[in-house]
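Asker: what's the 3D shape of this:
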Amino acid sequence: MTKKKLWSFNFTTATLVLIPAAIGINYLGKLFAGVLKLPLWLDSIGTALASMLGGPIVGAISGAANNIIYGLTMDPISFVYALTSIAIGITVGIMAYYGKIDTLWKAILTGIIVAIVATVVSTPLNVIFWGGQTGNVWGDALYAYLIAHSVPIWMASFFDELVVDFPDKIATMIIAFLIYKGLPKRLIQVYEGGETIEKLD
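Answerer: Predicted coordinates for the structure are as follows:
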């Protein structure tokens, strides 16, 4: 979905506009899920969209910055998972670069891949900082059940994370894909060609 170099550090005006927009989308998604007590996080939609438009570096920065801001303003736990957000941004950016998110089914497949990546990165953090739990009611219920049945903590923590990440990241990629498809083609071309946002005029 992009013609620029995969690991581009070319921060144009368009990129500088995209990053805070992505952070805002992430922030609102997480607040929305938290207020409604959904069994999802919905905090990576902006990261995915930024990665699809601007590449893995832009996505990683957007995701990490969102965790830092949310950690400062709402929940300090969010700081730790900046590493997960970086991994998500890089994964989606690579998949988008190679044309793996150009249909809805490919977006769903990417969501599955992102879920696995996020689970692998987050599980050690969950074990180190929170005794293996995620803080999500559904995931932690599964964790408690597995621990009660003598499943090792690392495996229980992995499934605790995966049971939430799997639907969350698929939903995230579907939403990001639909937003991407709804954007004006000229706006997308700005990011594909590394042009500045002023050329939309």
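
Asker: contacts, neighbours, all on C-alpha from now
Answerer: Noted.

Asker: burial of residue 13, as a residue count?
Answerer: Taking other Cα atoms under 10 Å as the neighbour definition, residue 13 ends up with a count of 14.

Asker: tell me, how many neighbours does the closest residue to residue 21 other than its chain neighbours end up with?
Answerer: Computed as Cα to Cα, 6 or more residues apart in numbering, the closest residue to residue 21 that is not its neighbour in sequence is residue 46, at 7.4 Å. Here the neighbour count serves as a burial measure; for residue 46 (other Cα under 10 Å) it reads 32.

Asker: per-residue confidence for residue 195?
Answerer: At residue 195, the model reports a pLDDT of 51.

Asker: Could you list the low-pLDDT ranges of the chain?
Answerer: The model of the chain has pLDDT under 70 over residues 1-4, 194-201.

Asker: Could you pick out the longest helix of it?
Answerer: The longest helix of the chain (DSSP state H) is helix 153-182.

Asker: picking that back up, ok, the residue nearest to residue 21 to residue 156 distance?
Answerer: When distances are taken as Cα to Cα, to the nearest Å, residue 46 and residue 156 turn out to be 29 Å apart.

Asker: Could you do residue 14 as well?
Answerer: Distance from residue 14 to residue 156, counting by Cα to Cα: 43 Å.

Asker: who's more crowded, those two?
Answerer: More crowded of residue 14 and residue 156, by other Cα under 10 Å: residue 156, with 25 against 19.

Asker: In which helix or strand does the nearest residue to that one once chain neighbours are set aside reside?
Answerer: In space, not counting the residues next to it along the chain, residue 156 is nearest to residue 143; the distance is 5.3 Å by Cα to Cα, 6+ apart. Take DSSP states H and E as the rule and residue 143 turns out to sit in helix 137-148.

Asker: Just the angle for that helix relative to helix 153-182, thanks.
Answerer: Angle, helix 137-148 to helix 153-182, by axes from the mean of the first three to the mean of the last three Cα atoms, to 10 degrees: 160 degrees.

Asker: Helix 137-148 packs against which elements?
Answerer: Here helix 137-148 touches helix 153-182, going by 3 or more Cα pairs under 8 Å, 6 or more residues apart in numbering; DSSP states H and E.

Asker: Give the buried residues for the helix it packs on.
Answerer: Residues of helix 153-182 classed as buried: 153-154, 156-177, 180 (neighbour count, 16 or more other Cα atoms under 10 Å).

Asker: In contact with the residue nearest the centre of the chain, which residues?
Answerer: The residue at the geometric middle of the chain, judged as the C-alpha nearest the mean C-alpha position with Cα atoms, centre = their mean, is residue 44 (3.0 Å). Applying Cα atoms under 8 Å, 6 or more residues apart in numbering, we find residue 44 in contact with 26, 29, 63, 85, 88, 169, 172.
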